[in-house]
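# Sequence and computational prediction follow.
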Amino acid sequence: MNAPSLVGLQTFPTDYSEAAVMRSYLEHELEPLGVLTEVYRVLKPDGIAVVKVPNFGSVNRHVKGRKWCGFRYPDHLNYFTRSTLRISPVPAGSK
């Protein structure tokens, strides 16, 4: 199947997967909250999601300013920090 991520994830049953890896992807996603919500739904209760994105809160970004390598307009639609990635898209303890 070839589909946008959100549509593709919606085809999987709940508690289907043990792991999901999003490496250098989420910063490009038009609907990151929807994708994270679907990934959470698709993961088994003891599943794990590994997310790698440029850290907007990094020391490097503060030092480099506008020359930070993480700024890639128009490729990067989203910028995340450690704390914004910890914000749960679903109620805690719902699995």
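Yes, it's here.

# Send me the helix or strand encompassing residue 61 as CSV with only the CA atoms.
Element membership for residue 61, per DSSP states H and E: helix 59-64. Only the C-alpha atoms of helix 59-64 are listed here, as CSV (Å, rounded to 0.1, in the frame of the first residue of the first chain):
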residue,chain,number,x,y,z
VAL,A,59,22.2,24.3,22.9
ASN,A,60,23.4,24.1,19.2
ARG,A,61,20.2,25.8,18.0
HIS,A,62,20.7,28.6,20.6
VAL,A,63,24.3,29.1,19.7
LYS,A,64,23.9,28.9,15.9
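
# gap between that helix and the chain center?
22 Å (Cα atoms, centre = their mean, to the nearest Å).

# Which other helices and strands does that helix contact?
Applying 3 or more Cβ pairs under 8 Å, 6 or more residues apart in numbering; DSSP states H and E, we find helix 59-64 packed against no helix or strand. Any C-beta I mention is one placed from the backbone N, CA and C, and that applies to glycine too.

# Just read off the phi/psi values of the residue minimising distance to the centre of the chain.
The residue lying closest to the centre of the chain (Cα atoms, centre = their mean) is residue 26, at 4.3 Å. Main-chain torsions, residue 26, degrees, to the nearest 10: phi -60, psi -30.

# Please apply the same query to the one 10 residues further on.
The phi and psi torsions at residue 36 (degrees, to the nearest 10) take the values phi -60, psi -40.

# Likewise for residue 22?
phi -120, psi 90.

# That one contacts residue 50, doesn't it?
Yes: with contacts counted by Cβ atoms under 8 Å, residue 22 reaches residue 50, the gap being 7.1 Å.
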